[in-house]
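**Student:** got a predicted structure here, sequence first:
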Amino acid sequence: MRVLVAGGAGYIGSHTVVRLLQHGDDVVIADNFSNSSPLVVDRLRRITGRPVKVEEIDLTDTADTKALMRNAKPDAVIHFAGLKAVGESVTNPGSYYSVNLRSTLSLLAAMQEAGVYCLVFSSSATVYGMNPPVPTPEDSPTSATNPYGWTKVMGEQILTDIAASHPQWRIGLLRYFNPGGAHPCGAIGEDPLGVPNNVLPYISQVAIGRRDYLSVFGDDYDTPDGTGVRDFIHVDDLAEGHVAALHRLTTMPRSLDVWNLGTGRGTSVLELRAAFEAASGRPIPYRVTARRPGDVARSLALVTKAERELGWRAQRGLLEMCQDAWRWQSQNPDGYR
């Protein structure tokens, strides 16, 4: 299968490209490198021993995206492209709505013109809103607490309507919980610009000395140690989930379906900190600060649907995730820079 990976140089995209190439698929990466590094591409080639075609493109430009689709001639598309920092989306919502929704609409127009009807969409557990059931099944109501989350809710609605408009569409919505870790070789990993939005890269930067301490946002939740509990999934498990979903689409009876990608296991912030200390051998000092608006006490995936329908389940544990994240950070103390 020939797969166009929109945003394929990013954190989750790059790991998925590795799995696709190892699976035997051909890959074309489309990325504007606004939130990623061109250095990723050579590392992908070294890891897999396979060529990777790259097109530098702004996917909000519909004319350019249509030309890309005609030239690449993919059988399917995986759509990772977009802005993804929750805090930044609150301070700059216009950019988030513009980039995330326009890139999706542009890709859909290009796919429809080229007769490409197979799409995997990178969504998020943020679509479950403020008070979802725990663990959260896929048929839970959707809403959001920030503009980034709303772009995912709206993106899902666009895709639901598109899928209903034409019987040839096969669209998979993948709702991630909390990705972490890195490729075990240490050559690719998460390299956030500015202050990390997620806790694991923040801990990694404390361990390497780029930050003084970890801020723990609240220790008075109704959880065993008072800190928020999350479902952390290794990025390689997540990447394998995309490959499983992509190949499920070819035999899927419906035009659209949705799957959670998580582990079904909860880990508190302090438990994650302890696991990273064990993995790195470095102390992780922390300070408790006020809760962040919009944070929930517990977020946990119900994963039985993905296990049953995709034949997929997360295989890697918390310690392995922390070890791989530390290997990436220690080998690349300044990320790709």
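**Tutor:** Perfect, thanks for sending it. Numbering: from 1, shown residues only.
**Student:** where's residue 337 relative to residue 80, distance?
**Tutor:** 21 Å (Cβ to Cβ, to the nearest Å). C-betas here are computed from N, CA, C, even on glycine.
**Student:** am I right that residue 173 falls within a strand?
**Tutor:** Yes. According to DSSP: H, G, I helix; E, B strand; the rest coil, residue 173 belongs to a strand.
**Student:** neighbours of the closest residue to it other than its chain neighbours, how many?
**Tutor:** Spatial nearest neighbour of residue 173, excluding adjacent residues (Cβ to Cβ, 6 or more residues apart in numbering): residue 258 at 4.1 Å. By the criterion of other Cβ atoms under 10 Å, residue 258 has 21 neighbours.
**Student:** all further residue positions should be reported with the first residue as 135.
**Tutor:** With the count now opening at 135, the last piece we talked about shows up as residue 392.
**Student:** quick one: strands adjacent to the strand or helix carrying residue 392?
**Tutor:** Assigned by DSSP states H and E, residue 392 belongs to strand 390-395. Using DSSP bridges, strand 390-395 pairs in its sheet with strand 304-310 (parallel).
**Student:** I'd say the residue nearest to residue 307 and residue 309 touch.
**Tutor:** Yes. Between residue 392 and residue 309 there is a contact under Cβ atoms under 8 Å: 6.6 Å.
**Student:** joint contacts of those two?
**Tutor:** The contact sets of residue 392 and residue 309 overlap at 257, 272 (Cβ atoms under 8 Å, 6 or more residues apart in numbering).
**Student:** next SSE after the strand holding residue 392?
**Tutor:** Using DSSP H and E, the first helix or strand after strand 390-395 is strand 401-402.
**Student:** sorry, back to before: tell me who's in contact with the residue nearest to residue 307.
**Tutor:** 257, 272, 290, 306-309.
**Student:** how about the residues you listed in a markdown table, adding neighbour count and distance to residue 159?
**Tutor:** As requested, the contacts of residue 392 are exported to a markdown table (neighbours: other Cβ atoms under 10 Å; distance: Cβ to Cβ, whole Å):
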| residue | neighbour count | distance to residue 159 |
| --- | --- | --- |
| 257 | 25 | 21 |
| 272 | 18 | 26 |
| 290 | 21 | 25 |
| 306 | 25 | 15 |
| 307 | 24 | 20 |
| 308 | 24 | 17 |
| 309 | 25 | 23 |
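**Student:** quick one: low-confidence parts of the chain?
**Tutor:** Within the chain, no range satisfies pLDDT under 70.
**Student:** using the three-state scheme, assign the residue in it sticking out farthest from the centre.
**Tutor:** Distance from the centre of the chain peaks at residue 354, with 28.6 Å (Cα atoms, centre = their mean). Look at residue 354: counting by three-state DSSP, its state is coil.
**Student:** that one - nearest residue in space that isn't next to it in sequence?
**Tutor:** Using Cβ to Cβ, 6+ apart, the nearest residue to residue 354 is residue 360, at 5.4 Å.
**Student:** quick check: the one you found vs residue 192, distance?
**Tutor:** From residue 360 to residue 192 the distance is 44 Å (Cβ to Cβ).
**Student:** what does residue 271 give?
**Tutor:** Taken as Cβ to Cβ, the span from residue 271 to residue 192 is 37 Å.
**Student:** name the residues of stretch 431-439 that are buried.
**Tutor:** 431-437, 439 (16 or more other Cβ atoms under 10 Å).
**Student:** please disregard the earlier target; I meant stretch 318-327.
**Tutor:** Buried residues in stretch 318-327 (16+ other Cβ under 10 Å): 320-326.
**Student:** ok so, going back, mind checking which of residue 471 and residue 214 has more residues around it?
**Tutor:** Set residue 471 next to residue 214 and count neighbours by other Cβ under 10 Å: residue 214 wins out with 25 against 9.
**Student:** need the nearest residue in space to that one, chain neighbours excluded.
**Tutor:** Once flanking residues are discounted, residue 214 sits nearest to residue 141: 3.3 Å by Cβ to Cβ, 6+ apart.
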